[in-house]
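Peer 1: Sequence plus predicted model, see below.
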Amino acid sequence: MNVAQKQAVAQFLDKSASYLGGAYAEIVRYEFKDDVIPPWQSEHKKDASAEFQKTAALPTTANDLKKIAGLVAECTLCALHRTRLNTVPGEGVPHPLVMIIGEAPGADEDKSGRPFVGAAGALLDKMLESIALSRKTNCFIANIVKCRPPENRDPASNETSSCFGFLQKQVDLLKPTLILSLGNVSAKTLLKTETGISRLRGNWEEFCGIPLMPTFHPSYLLRDASQKAAAWDDLKMLCARLAKIDGVYAAQTEELRRARKIV
Ligand code: SF4
């Protein structure tokens, strides 16, 4: 097969996977993406080992966050591009204390092009505010995949692997002090594990040398409020570790404590 023929077959398989959805999307696989260079590799020589390596032509300025968003907006690497209204690359400050990584955009995010803007987003903002964090001042929020999976299903493994290079670039560029991962898909993808979030949460892990705290996704907390206490414990651990590293943040949390706005 020549490149055009392979791409035609790949498009057919992507479309089938998207139509079947869920577990079926996991089954439909193909092995000839070698002819389709991911956009994050397009600026430099294609090299399988370079896909997630920091040696790639890394963006070096805040403007390059926009450049990544531009590449995401044009991306057709997986079937999710066919059903999206908007891509959701992420938002926040360019040098965050904490990078928050969720799973995938939902309906509200798909409509707005912004991460965590629905009810789950409101809860996340409230959770962050209680430990002196905010996407406006000291956090960056992104997702494992940048396009909404139909019917809010979990992203399939071929979709997370197709999209992962964008997230890796964002982490390399942002260099957050800590990472907070939200939900099952995020933790499993970042930590390359099959262990579920109920067992992972509350324990420090690491991604690319950056300390990572896995916790429940706000959407899950909206469905099961009994888990909010556990999520709060995780946030307190994050807060305590960050306060030891960053003096300004420590002073902010102390101020919150004095004002009794933090439990
Ligand atoms: Fe591209 Fe990621 Fe969207 Fe798939 S989910 S089309 S890889 S941006």
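Peer 2: Yep, that arrived. Numbering: from 1, shown residues only.

Peer 1: any low-confidence regions in the stretch 151-263 of the chain?
Peer 2: 261-263 (pLDDT under 70).

Peer 1: which element is the residue in it that the ligand sits nearest to on?
Peer 2: Here the residue of the stretch 151-263 of the chain nearest the ligand is Cys163; by CB to the nearest ligand atom that distance is 3.1 Å. Glycine gets a C-beta too; all of them are placed from N, C-alpha and C. Secondary-structure assignment from DSSP states H and E places Cys163 in helix 157-174.

Peer 1: what's the answer for Glu206, then?
Peer 2: Secondary structure (DSSP H and E) places Glu206 in strand 205-207.

Peer 1: Close to the ligand: what parts of the stretch 151-263 of the chain are there?
Peer 2: When proximity is defined by CB under 6 Å from any ligand atom, the stretch 151-263 of the chain lies next to the ligand at Glu159, Ser162, Cys163.

Peer 1: run the last query once more with 5 Å
Peer 2: Listed as neighbours of the ligand in the stretch 151-263 of the chain under the rule CB under 5 Å from any ligand atom: Ser162, Cys163.

Peer 1: Show residues contacting the strand holding Glu206.
Peer 2: Val171, Ile179, Ser181, Ala187, Leu190, Leu191, Pro211, Leu212, Met213, Pro214 (CB atoms under 8 Å, 6 or more residues apart in numbering).

Peer 1: For the nearest residue to Gly196 once chain neighbours are set aside, which residues are in contact?
Peer 2: For Gly196, ignoring the flanking residues on the chain, the nearest one in space by CB to CB, 6 or more residues apart in numbering is Asn184 at 6.1 Å. Counting by CB under 8 Å, 6+ apart, Asn184 touches Glu103, Asp154, Gly196, Ile197, His217.

Peer 1: Asn184 and Pro155: what is the separation?
Peer 2: Here the distance between Asn184 and Pro155 works out to 11 Å (CB to CB, to the nearest Å).

Peer 1: what do these two both touch?
Peer 2: When contacts are counted by CB under 8 Å, 6+ apart, the set common to Asn184 and Pro155 consists of Glu103.

Peer 1: re earlier: next step: the contacts of Asn184 restricted to helices.
Peer 2: Among the contacts of Asn184, the ones falling in helices (DSSP state H) are Ile197.

Peer 1: Which of the contacts of Asn184 sits closest to Thr83?
Peer 2: Asp154 (14.9 Å; CB to CB).

Peer 1: The closest one contacts Val185, doesn't it?
Peer 2: Yes: counting by CB atoms under 8 Å, Val185 is a contact partner of Asp154 at 5.4 Å.

Peer 1: From the chain's centroid, how far away is stretch 147-157?
Peer 2: Averaging C-alpha coordinates over stretch 147-157 and over its chain gives two centres that are 13 Å apart (CA atoms, centre = their mean, to the nearest Å).

Peer 1: Buried residues of that stretch, list them for me.
Peer 2: Buried residues in stretch 147-157, defined by neighbour count with 16 or more other CB atoms under 10 Å: Cys147, Arg148, Pro149, Pro150, Asp154, Pro155, Ala156.

Peer 1: Could you tell me the phi and psi values at the fourth one?
Peer 2: It refers to Pro150. Pro150 has phi and psi values of phi -60, psi 140 when expressed as degrees, to the nearest 10.
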